[in-house]
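*Asks:* 3D model of this:
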Amino acid sequence: MIMASSPLAFYSSQFHYSLQRSQKLASKPLKPAPFFQPIKASVSKKPSISTPPLEVSRIVPPKPTKLPIRKIPVDYGLPLIGPWKDRQDYFYDQCRDEYFKSRIQKYQSTVFRTNTPPGPLITFNSKVIALLDDKSFPVLFDTDKVEKKDVFTSTYMPSTELTGGYKIPSYLDPLEPNHAKLKKIVFFLLFLRRDHVIREFHSSLIEFFDDLERELATKGKASFGEANDQVAFTFLARSLYGANPVDTKLGSDGPKIVRKWVLFQLHPLVILGLPRRIEDGIFHSIFIQHS
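*Replies:* Prediction:
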């Protein structure tokens, strides 16, 4: 006999079995879940390294060497003859560097009294004190000890007719009234034209090299000195005064006029390359008036 069973009976039997199984599981005591202890790690104590304490040592400047006070060595020579002889050594026989070097060795001192060009017949008081080391030189900045009036170019000062009747700041002592006034004008001009200096310097250099290349291409050679004088004069005029000399009456003659102007001021103090008798007998001995 075949017995028919409904799906309901099947699911009820499955539910009864599941219920009995769950009751059996519930009757058994539950085992506690395993307890995991946290792992503890400790860093071993850093071994102590004995380091010597930093010692801040105070730099003690060396004590100044107490040298014996000496009288400044001097040898002016005979009147007129001594200054003339020293001028020959300075310009021709020894030249400037050897002139001072030989006297340092002679006196065993970097401070000594001597004659300085031009001497007679332009100046009759050519006696100076030469300071030729870095320790004695700063005394020149002490206005209480050194007077800087009319001594920029040694014992000789050019005529003020070459500078409009005024002494330029280089020949003025800081205590003279015009020193501060002229210095103020110079610094005001530099401040006023400060934005033009770099720009004009750049453009002047470009023109300088362009002119050199153009002259090389046409003549096969170029005079660096003349081109350099021209670009320097143009740069100063355009950067400080805002004027191009080429567009004025000066044209390109500015450097030539400056060389002539400087010659009348400094001819007693420079070597021109002329024969010695002519150069020393005229330019170093006679003051040439500017007409």
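*Asks:* Does Thr160 touch Lys167 like I think?
*Replies:* Yes: if you go by C-beta atoms under 8 Å, Thr160 and Lys167 touch, sitting 5.8 Å apart. Bear in mind the C-beta positions are built from the backbone N, C-alpha and C, glycine included.
*Asks:* The residue nearest to Leu189 when sequence neighbours are not counted and Lys256, how far apart?
*Replies:* With sequence-adjacent residues excluded and distances taken as C-beta to C-beta, 6 or more residues apart in numbering, Leu189 is closest to Leu240, at 6.1 Å. In this view, Leu240 and Lys256 are 20 Å apart by C-beta to C-beta, to the nearest Å.
*Asks:* re the thing from before, so how many other residues sit close to the residue nearest to Leu189?
*Replies:* By the criterion of other C-beta atoms under 10 Å, Leu240 has 16 neighbours.
*Asks:* residues in contact with it?
*Replies:* The contact partners of Leu240, by C-beta atoms under 8 Å, 6 or more residues apart in numbering, come to 189-190, 193, 196.
*Asks:* can you check Gln88 too?
*Replies:* For Gln88, the contacting residues are Asp280, by C-beta under 8 Å, 6+ apart.
*Asks:* Can you give me the distance of it to Phe112?
*Replies:* From Gln88 over to Phe112 the distance is 19 Å, taken as C-beta to C-beta.
*Asks:* helix or strand right after the lowest-mean-pLDDT helix or strand in the chain?
*Replies:* Within the chain, no helix or strand scores below helix 7-27, which has a mean of 44 by mean pLDDT, DSSP states H and E. The first helix or strand that comes after helix 7-27 along the chain, using DSSP states H and E, is helix 81-88.
*Asks:* Give me the most central residue, this protein.
*Replies:* Of all residues in the chain, the one closest to the mean position by C-alpha atoms, centre = their mean is Ile198, 16.6 Å from it.
*Asks:* Show me which residues of the host helix or strand of that one are buried.
*Replies:* Per DSSP H and E, Ile198 falls inside helix 197-219. Residues 200, 204, 208, 212 are the ones in helix 197-219 that count as buried (16 or more other C-beta atoms under 10 Å).
*Asks:* Then stretch 113-125?
*Replies:* Judged by neighbour count using 16+ other C-beta under 10 Å, the buried positions of stretch 113-125 are 113-120, 122-123.
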